[in-house]
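Q: Structure for this input, please:
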Amino acid sequence: MNRKLKVFGLALVAALALTAVMASAASAQFTSTSEHTILSGSQKTGTNDVFSAGSGFGAVTCENATFSGTSATKSATEQTITPTYTTCKDSFGRVVDVTSGSYNFTTNGTVHTEGTFTLKVTSGASVICTVTIGAQSGVNGITYKNLGGTSGEEVTSHSTNVKSTIEGGFFNCGTSTTNATAGTYDGVAIITGKDTSGNAVAINKD
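A: This next block holds a predicted model:
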């Protein structure tokens, strides 16, 4: 009888622990001290944003990235951010023009892309390789760090499952693959918030 009670007790503790974890995940929120928050950000000093479509494709490094968005409530489970990437080159030093969609960040460590991202590798005046990233869900590897007060959030991306379409062929793109599913994206951004009067407000991932 005692052994059965002990087993039951362990099972109960495990169930309660799982319930607590699930409740915590369900209650995770992006919060702001302002009802309407204007979000903005840029790369963390000393970092670049780096994308690769997968094996064989030379990485695209962007030296400048800025981010913008708005939040209409004090708490939300998702946050939409639009990036702008400039000064981008591939591993051969070729200029890459990036057209951006937007990111829909979730509190569970994934991001959904909205719209279309295109990376066009140029040689002279010609586009020789194009990578297209369409709308997709569950891009992994997103972590958040609250910086405290009105210093904002540090958002780190270390994604390994970005899907894309590659056009241009092996000699221009480094791969003959046309549909890639293991693209990577790495970057660190500092996002801060202001109210509609331009006053800094506290934002957090709770």
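Q: hey, let's count contacts and neighbours off CA atoms from now on
A: Will do.
Q: buried residues in the helix or strand where residue 172 lies?
A: Element membership for residue 172, per DSSP states H and E: helix 170-173. Judged by neighbour count using 16 or more other C-alpha atoms under 10 Å, the buried positions of helix 170-173 are 172-173.
Q: what's in contact with that helix?
A: 56-58, 128-129, 166-167, 176-177 (C-alpha atoms under 8 Å, 6 or more residues apart in numbering).
Q: so residue 66 bridges to which residues?
A: Listed by DSSP bridges, the beta-bridge partners for residue 66 are residue 42, residue 84.
Q: In terms of pLDDT, where does it sit?
A: pLDDT recorded at residue 66 is 98.
Q: related to what we said a few turns ago, quick one: the helix holding residue 172 to chain centroid distance?
A: 27 Å (C-alpha atoms, centre = their mean, to the nearest Å).
Q: how about the CA coordinates for the helix or strand that that helix is followed by, as PDB?
A: Following helix 170-173 in sequence order, the next helix or strand is strand 179-194 (DSSP H and E). Taking Å, rounded to 0.1, in the frame of the first residue of the first chain, the C-alpha atoms of strand 179-194 are listed here in PDB:
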ATOM      1  CA  ASN A 179      13.600  24.300 -52.900                       C
ATOM      2  CA  ALA A 180      15.600  24.600 -49.700                       C
ATOM      3  CA  THR A 181      14.200  23.700 -46.300                       C
ATOM      4  CA  ALA A 182      17.100  24.200 -43.900                       C
ATOM      5  CA  GLY A 183      18.000  27.800 -44.400                       C
ATOM      6  CA  THR A 184      19.600  29.700 -41.400                       C
ATOM      7  CA  TYR A 185      19.200  33.100 -40.000                       C
ATOM      8  CA  ASP A 186      21.300  34.700 -37.200                       C
ATOM      9  CA  GLY A 187      21.000  38.100 -35.700                       C
ATOM     10  CA  VAL A 188      20.600  40.100 -32.500                       C
ATOM     11  CA  ALA A 189      18.300  43.100 -32.300                       C
ATOM     12  CA  ILE A 190      17.500  45.600 -29.600                       C
ATOM     13  CA  ILE A 191      13.900  46.600 -29.700                       C
ATOM     14  CA  THR A 192      12.600  49.600 -27.700                       C
ATOM     15  CA  GLY A 193       9.200  51.300 -27.300                       C
ATOM     16  CA  LYS A 194       7.700  54.800 -27.200                       C
END
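Q: Mind listing the strands strand 179-194 pairs with, and their directions?
A: strand 37-43 (antiparallel), strand 49-52 (antiparallel), strand 153-167 (antiparallel), strand 200-201 (antiparallel).
Q: I'd like those strands laid out as TSV, including distance to residue 106, mean neighbour count and mean pLDDT.
A: Listed next are the strands paired with strand 179-194 as TSV, based on distance: least, C-alpha to C-alpha, whole Å; neighbours: other C-alpha atoms under 10 Å; pLDDT from 0 to 100:
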stretch	distance to residue 106	mean neighbour count	mean pLDDT
strand 37-43	15	21	98
strand 49-52	20	20	97
strand 153-167	12	20	97
strand 200-201	21	19	98
